[in-house]
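J.: After the sequence you'll find the predicted model.
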Amino acid sequence: MNNRVREAFANGKAFIPFITCGDPSLDVTKELIRAMEGAGADVIELGIPFSDPTAEGPVIQEANIRALSNGITTDDIFAMVEEVRKDTTVPLVFMTYANVVYSYGIERFMKRSKEVGMDGLILPDVPFEEKEEFAVVAKENDIAFISLIAPTSKDRIRMIAKEADGFVYCVSSLGVTGTRDQITTDVASMVELVKKEQDIPCAIGFGISTPQQAKAMADCSDGAIVGSAIVKICAKYGNECVPYVAAFVKEMKDSICA
Amino acid sequence: MSNGRFGQHGGQYIPETLMNAVLELEEAYNRYKDDPTFNQELQELLNEYAGRPSRLYFAKHMTEDLGGAKVYLKREDLNHTGAHKINNVIGQCLLAKKMGKTRVIAETGAGQHGVATATVAALMGMECEIFMGAVDCERQALNVYRMKLLGAKVHPVTSGTATLKDAVSETMREWTNRIEDTHYVLGSVMGPHPFPTIVRDFQAVISKEIKEQLMEKEGRLPDAILACVGGGSNAIGAFYHFINDEGVRLIGCEAAGRGIDTKETAATINTGTLGIFHGMKSYFCQDEYGQIAPVYSISAGLDYPGIGPEHAMLYDQGRAEYVAITDDEAVDAFEYLSRIEGIIPAIESSHAVAYAKKLVPTMDKDQIVVINISGRGDKDVAAIARYRGEDIHE
């Protein structure tokens, strides 16, 4: 069991930013990881780009295309993490698609993840029914295989929560990733159902872009995950994005801890 | 491991948001598939509305010209809306209605599945939205207008390669956005379980009829069945009732595009590797890091980087063969069948005709080959003219 991810939730509400590796470049990704750690990120989600990210909205889709057109590969990303691990301790989890892991070789992917200092893995296209193939090998390598629950999960929450590792990723809304004006799902009840089954941290993601939303979501869970809003900043400022992202992460972290 | 496996292939690799939707679909399908009222309604629509059974036509001139096996054409092109796609759409829309869904969404490549879905949605009074790659919208402009005429809303998809795979991705995204009242009418034997099974079952009527019709005409089984393969729905439909008849060769004809030794190809079995995409484990055209390849074929309906999981299994078992046909060969066959039999086949189906031109002459005169003419070629006429350097406006 990977404890680093769980421990990230030990000191108050967690803020979890997401970036796509290689957008705009792997050098900037390295700087972003360091700067976000400094700005108070409790866990960082690193997206390994995929050609056809079916769970993503336009903002992250475009980041995937930018990264891939830079020629970024899974091996380059492992090397980048190995490098950045020399001076960071923040828990790092990969977020990518089943085919990226499967084509690399599940065993080889998990081993290499452990070797470079990764802590977890999120695969949005691997639901409970298909997770064994990935989760068993992940566990052997001390990589937390993170489960997702959605507003449509209903009765499924119980079985998912029971076998969840690291933290539970609570999807706030229907649809794909992307910023939303309003989150209407009763996420608090979803979190409650998880906790009944296992005392595991729950973080809410999808649609969160403002400090107010992040606070509201963190208030009824253990943390907030923000992707598209950060990727938008990366897209806007390109190579100069690091201070802007760091300022945004700090604002969000301050807000949820207030 | 989940249900819905075909050997090592298949499964349900989809976001958690959609899991209950596919589970509900599976439950509904299991409830209705053997229900006499459902099947009666389905049969009536297939016969009275779609025009089934489709003809099994003895292609006398082609047989004489090729000088080998006897050639029969299964005329799925004669169905209402001009392709086999309607078989599956009638089944799924009927099921969706029983499930209380009021809105259907679908992807389309060549536009045949989109037109079929828009048609049946009009018939059944359902709201309909179609996702079609922007490139394909241009290649098949007539079908876009046809869908609009039928009351459907058409969304051009500009992400990725703006072709069929991106249309599938976008329809999946839309489904996660609105599930409650919406059914995703998946057009091929692909995607997450239970789609490959449902679509196969609704298309299996093709092989059921071939078997009966050939028994009546020749009193025997065919020696080979040929069908084009993108996702593989017309092929699995034509193969299904012959899978246990070991003497019948089952031959899927993939789109080689500009050739399987080039990057401009969509021949999944011939050039792909095992992967997980669009809800299923199967073979896909991809690079060593699992990035899905931007495939190419002159045929918008075969321009897909994957193949249905049951085909992948039939290939693994050696039960079915998968050959690759280039754009050039398909266009030649398109023109050939038009001239020799007065039947203009879809450019998709022309891939199967092209392989027949190679195979039939090598066979004996007492052997029988059935080619599934999965669709008619009216939609392709302008594109073929362009391919031959003639610019005509639709």
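T.: Great, that's in hand.
J.: Now tell me which helix or strand of chain B has the poorest mean pLDDT.
T.: Here the helix or strand of chain B ranked lowest by mean pLDDT, DSSP states H and E is helix B:134-139, holding a mean of 88.
J.: near chain A at all, that helix?
T.: No: Helix B:134-139 does not reach chain A (Cβ under 8 Å from any Cβ of the partner chain); its nearest approach is 14.4 Å. All C-beta atoms are positioned from the backbone trio N, CA, C, and that covers glycine.
J.: just checking, what packs against that helix?
T.: In this structure, helix B:134-139 makes packing contacts with strand B:153-157, judged by 3 or more Cβ pairs under 8 Å, 6 or more residues apart in numbering or on different chains; DSSP states H and E.
J.: Describe which strands the longest strand seen in chain B pairs with in its sheet and in which direction.
T.: In chain B, ranked by residue count with DSSP state E as the criterion, the top strand is strand B:249-257. Looking at strand B:249-257 with DSSP bridges, its paired strands and their directions are strand B:224-229 (parallel), strand B:320-326 (parallel).
J.: Give me the next element, helix or strand, following that strand.
T.: helix B:268-271 (DSSP states H and E).
J.: buried set for stretch A:202-211?
T.: Taking 16 or more other Cβ atoms under 10 Å in any protein chain shown as the basis for neighbour counts, the residues of stretch A:202-211 that come out buried are A:Cys202, A:Ala203, A:Ile204, A:Gly205, A:Phe206, A:Gly207, A:Ile208, A:Ser209, A:Pro211.
J.: Would you format the residues you listed as JSON lines with distance to chain B and pLDDT included?
T.: Putting those into JSON lines (distance: Cβ to the nearest Cβ, whole Å; pLDDT from 0 to 100) gives the following:
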{"residue": "A:Cys202", "distance to chain B": "14", "pLDDT": "98"}
{"residue": "A:Ala203", "distance to chain B": "15", "pLDDT": "98"}
{"residue": "A:Ile204", "distance to chain B": "14", "pLDDT": "97"}
{"residue": "A:Gly205", "distance to chain B": "12", "pLDDT": "96"}
{"residue": "A:Phe206", "distance to chain B": "9", "pLDDT": "93"}
{"residue": "A:Gly207", "distance to chain B": "12", "pLDDT": "92"}
{"residue": "A:Ile208", "distance to chain B": "17", "pLDDT": "94"}
{"residue": "A:Ser209", "distance to chain B": "18", "pLDDT": "94"}
{"residue": "A:Pro211", "distance to chain B": "26", "pLDDT": "96"}
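J.: In strands, which of these fall?
T.: The strands in this structure, assigned by DSSP E, contain A:Cys202, A:Ala203, A:Ile204, A:Gly205 from the buried residues of stretch A:202-211.
J.: ok, which pair from those is furthest apart?
T.: A:Cys202 and A:Gly205 (10.5 Å; Cβ to Cβ).
J.: Show the contacting residues for A:Met36.
T.: Listed by Cβ atoms under 8 Å, 6 or more residues apart in numbering or on different chains, the contact partners of A:Met36 are A:Pro17, A:Ile19, A:Ile44, A:Val90, A:Val245, A:Ala246, A:Val249.
J.: Filtering the residues you listed by proximity to chain B, which remain?
T.: Of the contacts of A:Met36, not one also sits near chain B (Cβ under 8 Å from any Cβ).
J.: Among those, which pair sits farthest apart?
T.: Checked with Cβ to Cβ, these reach their widest spread between A:Val90 and A:Val245, with 14.1 Å between them.
J.: rewinding a little: so which of the contacts of A:Met36 wins on neighbours?
T.: The member of the contacts of A:Met36 that has the most neighbours, counting by other Cβ atoms under 10 Å in any protein chain shown, is A:Pro17 with 29 neighbours.
J.: which residue ranges form the strands in the stretch 101-250 of chain B?
T.: Across the stretch 101-250 of chain B, reading from the start of the chain, the strands by DSSP state E, counting those that start in this stretch fall at B:103-108, B:127-133, B:153-157, B:182-184, B:224-229, B:249-257.
J.: So for stretch B:238-258, mean pLDDT?
T.: Rounded to a whole number, the mean pLDDT of stretch B:238-258 is 98.
J.: Next, the buried residues of that stretch.
T.: Going by neighbour count (16+ other Cβ under 10 Å), the buried part of stretch B:238-258 is B:238-243, B:248-257.
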